[in-house]
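Peer 1: Give the three-dimensional model of this entry:
(chains A and B)
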Amino acid sequence: MDEEEKEVLFDIRNLKVYYYTLDGVVKAVDDVSLKIYKGETLSLVGESGCGKSTLSLSLCRLVQRPGKIVGGEILYKGSEDILKYDEKQIQQFRGSKVAIVFQDPTSSLNPVFRIGDQIVEAITIHQALKGKEAWKKSYEALSLVKIPSPEDMAHSYPHQYSAGMRQRAMIALALSCNPDLVIADEPTSNLDVTIQAQILLLLKELKEKLGTSILLVTHDLGVTAQLADRVAVMYAGKIVEIGPVEDFYKKPLHPYSKALLGAIPPPHKDVDMLQEIKGEVSSLVNPPEGCRFHPRCEHAMDICTKKDPELIDVGNGRKVACFLYKEGVMK
Amino acid sequence: MIMALKDYVVRRTFIALPTLFAISVIVFTIIHAAPGDPFQFFLGFNPRVSMETIEFLREKYHLNDPIWVQYISWLKMLLSGNMGYSFITHRAVSDAIMIRVPNTVKLVLTAELIAILLAIPLGTISAVKEGGIVDNISRVISLLGVSMPSFWLGILLILLFAVRLNLLPTCGSHTTGMVYSSTWESIKDQIYHLILPAMTLGYLRTAYLTRLLRSSLLDVLSKDYIMTARMKGLKERVVIYKHALRNALLPFVTAIGLAFGFLLSGAVLIETVFAWPGMGRLIVDATFTRDYPVIMGTTMMTAVMVVLANLITDIVYAFLDPRITYD
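Peer 2: Predicted coordinates:
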């Protein structure tokens, strides 16, 4: 599909999110530009602490102190900058336009309220529904995520659900106000493998059924391969590569992406040693000069230590931030 | 729910019985192990009372019997509904307790109420605006409160409000010998007397409860479900007062309930400073004079109140936290 034809849901431009800690300013998201299209599943991958969760929270303006969005724009449907919304506007925006499914379903639902109460609460603030109507809508949301006998289960408390069911309920809560985008932040990391597969399948089905865009935040390249249409790779607060999922797995461009994929054990083959990425993740307080990956990069050149590479278009909807491509060393 | 509750209360009451029995055995043993007995204390220093008289009295009150015999006769008496008679005043122990208990309960409940009403807003604001002005001021006030001896604070308050400013009475639970023209006058007089001791005790409790609520709320605010609540688009006010506070109050409620025992004993000092005619002073006086029946009676009464407070705490807790059931 041609990029220009797709409707842009979110246009993130030069976003900067910093955490002001005692150790210094942590540049968790540093000058990131990214488009999220309507109906697509975009997977944001990277190691822990690379800023992917911070980036996703910014879309709801939920970055918590000491974090702060210090610059950039987040344009919603091409016109409104949600960073300019006042308190009331952003509250109306949250839940109804963007919703988040968090990583740990045991802690993301309030233990003292019934599941139904928690869904109804969201429905009543965003839709002109009250009482019975709102409850009816919550049953619908629960049956959508295949919770058995939703009329009864809505009146149960989170602790009466299994972990997998809780994550389904969380997805139901997220979808209850028909948002344009659901952010799934490591939605399966805390679940058993069999439950993981069920939840992934559910997300896939729901996306096809409802046409909701999904921003899948994960470090799991397997999950990404199953679910995503496009992949964005983040390293130390920056996006280093973005492109369609098939191309990414067939031929990763950025040296970091290559290294990431190299660290996955190939199926059907005995491997004694997994390939590791040498060195440590660069500090977000004092990131290295030039390209942030250069101290760990096998192909680092002189220019990589001096200048910060920009994302360049290499065709087929793929972009990469690496001088190897700009200088024509690699194609 | 109601049936389950009834079963639960009955079950808990039966569980409490062995506890109360154990308490009675331990207290009985300890007070008899302590040196001296009532007659030695009252008469032993008087040269005109002969050893024979003391011995006669000890025999008369069965103080020479083996301790287990004494215990069993005390227990038999208690089970027949009689708490015995004071060695010193010869009044029924139950009468003395019944006069004193309402005073202590009045003092303790008022103090706790003051503490709860102050601690909830102070603790909440301190946690929500962590490091802000309210947080810093309440930190100082709380630290003073937990480090100050209660009797010392009581004396200072008497000096300021009663002696210097002459606004409030120094001691007692009502003006002695006063004839009230109306019930309202009587209530007003009692409230005047209650203010200083209740404020002293209440301040110490406020200090503790504020810190407790603050830390428990800070803990809750970092939980994922608070992010979920915000993500839904709820107003910050709803997030704090509905989603966060409801969870943060759980340890708070436990602390209030468990503190009841502490309060009854903590009230001893306050009651002494303010000459408040409560249980605390009854216990102190009885201990000094080795008035065994009174000591046993007051101790058992305190134990029953603590057990009752714990039971009520558990029931309230089960209402607040759906994860707890009566099973």
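
Peer 1: Start from the N-terminal end of the chain and give the helices.
Peer 2: I went with chain A, as the question did not name one. Along chain A, the stretches classed as helices by DSSP state H are A:52-58, A:87-93, A:115-126, A:131-144, A:150-153, A:163-175, A:193-210, A:221-227, A:245-250, A:255-262, A:323-326.

Peer 1: Hmm, no, I was thinking of chain B.
Peer 2: Here chain B has its helices, by DSSP H, at B:2-33, B:38-43, B:51-60, B:67-79, B:93-128, B:133-147, B:150-157, B:183-221, B:224-231, B:236-238, B:245-273, B:279-288, B:292-320.

Peer 1: Turn these into JSON lines, including mean neighbour count and mean pLDDT.
Peer 2: (Each C-beta comes from the backbone N, C-alpha and C, glycine too.) Formatted as JSON lines, the helices of chain B follow (neighbours: other CB atoms under 10 Å in any protein chain shown; pLDDT from 0 to 100):
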{"stretch": "helix B:2-33", "mean neighbour count": "13", "mean pLDDT": "85"}
{"stretch": "helix B:38-43", "mean neighbour count": "17", "mean pLDDT": "70"}
{"stretch": "helix B:51-60", "mean neighbour count": "13", "mean pLDDT": "80"}
{"stretch": "helix B:67-79", "mean neighbour count": "14", "mean pLDDT": "88"}
{"stretch": "helix B:93-128", "mean neighbour count": "20", "mean pLDDT": "91"}
{"stretch": "helix B:133-147", "mean neighbour count": "15", "mean pLDDT": "91"}
{"stretch": "helix B:150-157", "mean neighbour count": "17", "mean pLDDT": "90"}
{"stretch": "helix B:183-221", "mean neighbour count": "20", "mean pLDDT": "90"}
{"stretch": "helix B:224-231", "mean neighbour count": "24", "mean pLDDT": "94"}
{"stretch": "helix B:236-238", "mean neighbour count": "12", "mean pLDDT": "93"}
{"stretch": "helix B:245-273", "mean neighbour count": "20", "mean pLDDT": "82"}
{"stretch": "helix B:279-288", "mean neighbour count": "20", "mean pLDDT": "85"}
{"stretch": "helix B:292-320", "mean neighbour count": "19", "mean pLDDT": "85"}
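
Peer 1: can you redo those as CSV with distance to A:Val217?
Peer 2: Below are the helices of chain B laid out as CSV (distance: least, CB to CB, whole Å):
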stretch, distance to A:Val217
helix B:2-33, 43
helix B:38-43, 76
helix B:51-60, 82
helix B:67-79, 67
helix B:93-128, 28
helix B:133-147, 33
helix B:150-157, 54
helix B:183-221, 22
helix B:224-231, 14
helix B:236-238, 25
helix B:245-273, 26
helix B:279-288, 59
helix B:292-320, 34
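
Peer 1: Out of the ones you listed, flag the one nearest A:Ile69.
Peer 2: helix B:224-231 (15.1 Å; CB to CB).

Peer 1: Mind pulling the model confidence for A:Ala169?
Peer 2: With respect to pLDDT, A:Ala169 scores 95.

Peer 1: Return the distance of it relative to B:Ile133.
Peer 2: Going from A:Ala169 to B:Ile133 by CB to CB, to the nearest Å gives 40 Å.

Peer 1: cool, A:Ile239 as well?
Peer 2: From A:Ile239 across to B:Ile133, the span is 41 Å (CB to CB).

Peer 1: Spit out the contact partners of B:Phe252.
Peer 2: B:119, B:209, B:212-213, B:216 (CB atoms under 8 Å, 6 or more residues apart in numbering or on different chains).

Peer 1: Check these and tell me the two furthest apart.
Peer 2: It's B:Ala119 and B:Ser216 that sit farthest apart of these, by CB to CB, at 11.2 Å.

Peer 1: A:Pro111 and B:Ile324 touch, don't they?
Peer 2: No - judged on CB atoms under 8 Å, A:Pro111 makes no contact with B:Ile324 at a distance of 10.7 Å.

Peer 1: neighbour count winner among those two?
Peer 2: Between A:Pro111 and B:Ile324, A:Pro111 has the larger neighbour count (other CB atoms under 10 Å in any protein chain shown), namely 17 against 13.

Peer 1: Apart from its neighbours in sequence, what residue is nearest the more buried one?
Peer 2: A:Pro158 (5.6 Å; CB to CB, 6 or more residues apart in numbering or on different chains).

Peer 1: Now do the contacts for the one you found.
Peer 2: A:Pro158 neighbours (CB under 8 Å, 6+ apart): A:106, A:109-111, A:115, A:166, A:169.

Peer 1: Just the buried residues of the residues you listed.
Peer 2: A:109-111, A:115, A:166, A:169 (16 or more other CB atoms under 10 Å in any protein chain shown).

Peer 1: Looking at those residues, which one is closest to B:Gly81?
Peer 2: A:Pro111 (45.5 Å).

Peer 1: got the contact list for the closest one?
Peer 2: A:157-159, B:225, B:247, B:321-323.

Peer 1: which parts of the stretch 151-300 of chain A sit against chain B?
Peer 2: A:157, A:159, A:170, A:173 (CB under 8 Å from any CB of the partner chain).

Peer 1: please redo it, this time with the cut-off set to 6 Å
Peer 2: The stretch 151-300 of chain A comes close to chain B at residues A:157, A:159, as judged by CB under 6 Å from any CB of the partner chain.

Peer 1: spatially speaking, which residue is in the middle of chain A?
Peer 2: Closest to where the C-alpha atoms of chain A average out (CA atoms, centre = their mean) is A:Val217, at 3.0 Å.

Peer 1: What's the separation between that one and chain B?
Peer 2: Note on A:Val217: its distance to chain B, by CB to the nearest CB, to the nearest Å, is 14 Å.

Peer 1: Tell me the bridge partners for that residue.
Peer 2: A:Leu44, A:Asp185 (DSSP bridges).

Peer 1: what about it, distance to A:Arg230?
Peer 2: For A:Val217 relative to A:Arg230 (CB to CB), the value is 13 Å.

Peer 1: ok, the closest residue to chain A within chain B - contacts?
Peer 2: The nearest approach of chain B to chain A comes at B:Gly233, 3.6 Å away (CB to the nearest CB). Neighbouring residues of B:Gly233 by CB atoms under 6 Å, 6 or more residues apart in numbering or on different chains: A:91, A:94-95, A:125.

Peer 1: out of everything not next to it in sequence, what's closest to B:Val316?
Peer 2: Among residues not flanking B:Val316 along the chain, B:Val253 sits closest, at 5.7 Å (CB to CB, 6+ apart).

Peer 1: and what of B:Gly84?
Peer 2: With CB to CB, 6+ apart, the residue lying closest to B:Gly84 is B:Pro293, at 3.6 Å.

Peer 1: Tell me if I'm right that the one you found and B:Val93 touch.
Peer 2: Yes - contact criterion CB atoms under 6 Å: B:Pro293 and B:Val93 qualify, at 5.1 Å.

Peer 1: show me what contacts A:Trp135?
Peer 2: Here A:Trp135 is in contact with A:Val120 (criterion: CB under 6 Å, 6+ apart).

Peer 1: I'd like the mean pLDDT over stretch A:226-237, please.
Peer 2: Across stretch A:226-237, pLDDT averages out at 92.
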